Structure formats: structure tokens, C-alpha cells
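Novice: Mind folding the following:
(chains A, B, C and D)
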Protein chains: 2
Amino acid sequence: MPTDVFAVLAEPARRRILDELRVADRSVGELVVALTISQPTVSKHLKVLRDAGFVSARTAAQQRIYHVEPTQFAALDEWLAPYRRLWTNHLDELARHLDRMEQ
Amino acid sequence: MPTDVFAVLAEPARRRILDELRVADRSVGELVVALTISQPTVSKHLKVLRDAGFVSARTAAQQRIYHVEPTQFAALDEWLAPYRRLWTNHLDELARHLDRMEQ
DNA sequence: GACGTATATTCCTTGACAGGCATATGCCTG
DNA sequence: CAGGCATATGCCTGTCAAGGAATATACGTC
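Specialist: Numbers count the residues shown, from 1 in each chain, chains lettered A, B, ... in the order given. Okay, the predicted model is just below:
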């Protein structure tokens, strides 16, 4: 996890790329068409996403087909996990609260 | 959700603040001590977190006690949801793969 | 091997944002 | 109401990253 996961996702264009790739693998050209962003800009964002481990690419002739790499999303999920308790598992929250009170 | 959730979390100092507040509510001064960041900087980050709905504060004499507000974390979780399938499927595939190898 | 397509990279400019410092505001105590 | 503490805000500057335009690289085709 060299690059900051959140910094990478902070860019809206990159999230749009991920949303697109989540549905299906895409070539750079397809992303350019789908997102109406210039090709160099898309390539640069893809580089950032690649370096951060969010996507990877396979070569098919002149094209590069990108696909989502789940690992970094799992990392984000892990970061979120301790906060998840705050809004989902109210019983856990209550239990911890009672634990504190018992001491 | 006026401000971008990811942009807010992109700042490491803000995540440290949230990690601190997740454990327990804290006054600004306590955060300054705990994180070794200047008071104005902490206050500015808290303002960003407040405006984005990540935290809120109650007034206690001269102090302001901050606490985590779960809503935005839930929003983040919702964003993550469709991607979650990606890596749970991935784990399933890995499991099947290992099953095959065992035979 | 020249050419066309697909993608990556470089250079440059511009805008946003973080941090330091100084200062303002709010609140309590004597 | 003066003075001190806790927090917020304003100003300034440096940094960094995004986007546009031009160009480089890789690959296939004729």
C-alpha cells in the first residue's frame, strides 16, 4: 500500500473509472468514450490506480484491457471495520458501554 | 453530502483525529496533545470534518467536545458495497481453486 | 520498413489546500 | 470587568496534483 488509498479515491474521475471497470473490463479507449475525458487524462489516472493496486491491465494487441483488483477495496473495508460498529451493531456498542460502566 | 467524503479522508491528520475520536470523545486540547499537531491546525481539520458531517461537537464551558457521527461512514460503506462483491467472489474463487488443488 | 492505431509520458500552467503565525471570539473566575 | 484559558479564524506562503497540448512508445498491418 505505497500510495494513500484515500488520496487515490479522492479524485472523482478515478472513481468514475472504477465504477466503469466494476461492471466490466475495459480498454483505455472504451473508458475515454464512456467518461468523456481526454485520453491522456484517462491514462494518467489509470497509472495512479495501477500504482496503488486498484486495477491491473493485460495487453491485447495495441490495447490494454483494465480490470479491478479487489485487494485495495478490501483494505478500505478493513479500515472502515472499526467504524462500522458505530452505526450497525448497536448491541456491540451498548455492550462496550456497559463494560466501561462496570469497571 | 456537500463535501467529498474521500477528499476529507485523504488527509492523514484527519484520519488520525477520527481514530482518536472513535475510541472516545475528546476536546480540542486533548487532540492537540494526543496527535502533536498545532492547535490551529487541529481546529481547521475539525472544521472540515464537521462540515462534512463526520463529527459534531458539544460545548462544555470553554471546551468543545467532539464525537464521531456515523452517517458519513455509512455513506462510505454504501459506496463500497458493490465492490465488496468483487472480493468476496474473489475469495470464493480462491477457495474453489484451493479445493481443486487438494484433490 | 513505412504507416496507422492505441496508449503512455513529458512539459507546462494553474488552482486547491495544508501549515505557521498572529489574532479574534467565547466563556469562566476572581 | 479584567484577565486567563480554550478554541476558532484570517492571512500568507509553499507544495502538490490535475488537466491540456504535444510527443514518445508499442504493436499490428500492408
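
Novice: near DNA strand D, which residues of chain A show up?
Specialist: Residues of chain A lying close to DNA strand D by Cβ under 7 Å from any atom of the strand are A:7, A:10-11, A:13, A:37-38, A:40-41, A:44-45, A:48, A:59, A:61-62. Quick note: C-beta positions are derived from backbone N, CA and C, even for glycine.

Novice: I'd like the average pLDDT over the helix or strand where residue A:76 lies.
Specialist: For residue A:76, the host element (DSSP states H and E) is helix A:71-87. Computed over helix A:71-87, the mean pLDDT rounds to 93.

Novice: which helices and strands does it pack with?
Specialist: The contact analysis (3 or more Cβ pairs under 8 Å, 6 or more residues apart in numbering or on different chains; DSSP states H and E) places helix A:71-87 against helix A:5-9, helix A:90-102, helix B:12-23, helix B:71-102.

Novice: residues of that helix that come out buried?
Specialist: By neighbour count with 16 or more other Cβ atoms under 10 Å in any protein chain shown, helix A:71-87 contains the buried residues A:72, A:73, A:74, A:76, A:77, A:83, A:84, A:85, A:86, A:87.

Novice: With respect to DNA strand D, which of those is nearest?
Specialist: Taking Cβ to the nearest atom of the strand as the measure, DNA strand D lies nearest residue A:72 of these, at 15.5 Å.

Novice: Quick check, the closest one in contact with residue A:54.
Specialist: Yes - judged on Cβ atoms under 8 Å, residue A:72 makes contact with residue A:54 at a distance of 4.9 Å.

Novice: For the residue nearest to residue A:63 when sequence neighbours are not counted, which residues are in contact?
Specialist: In space, and not counting its chain neighbours, residue A:63 is closest to residue A:27: 4.4 Å by Cβ to Cβ, 6 or more residues apart in numbering or on different chains. Residue A:27 sits next to A:60, A:63, A:64, A:65, A:66 when contact means Cβ atoms under 8 Å, 6 or more residues apart in numbering or on different chains.

Novice: from those residues, which are also near DNA strand C?
Specialist: Among these, DNA strand C is touched by A:63, A:64 when using Cβ under 7 Å from any atom of the strand.

Novice: Out of the contacts of residue A:27, which sit inside strands?
Specialist: A:60, A:63, A:64, A:65, A:66 (DSSP state E).

Novice: Now the terminal residues of stretch A:51-65, how far apart.
Specialist: Terminal residues of stretch A:51-65 lie 16 Å apart, using Cα to Cα, to the nearest Å.

Novice: Would you indicate which residues of that stretch are buried?
Specialist: Residues of stretch A:51-65 classed as buried by neighbour count (16+ other Cβ under 10 Å): A:52, A:53, A:54, A:55, A:57, A:64, A:65.

Novice: I'd guessed the first one sits against residue A:3; true?
Specialist: In this case it means residue A:52. Yes - Residue A:52 lies in contact with residue A:3 (Cβ under 8 Å); the separation is 4.3 Å.

Novice: quick one: contacts for the residue nearest to the spatial centre of chain A?
Specialist: The residue lying closest to the centre of chain A (Cα atoms, centre = their mean) is residue A:73, at 5.0 Å. Each residue near residue A:73 by Cβ under 8 Å, 6+ apart is listed here: A:54, B:80, B:83, B:84, B:86, B:87.
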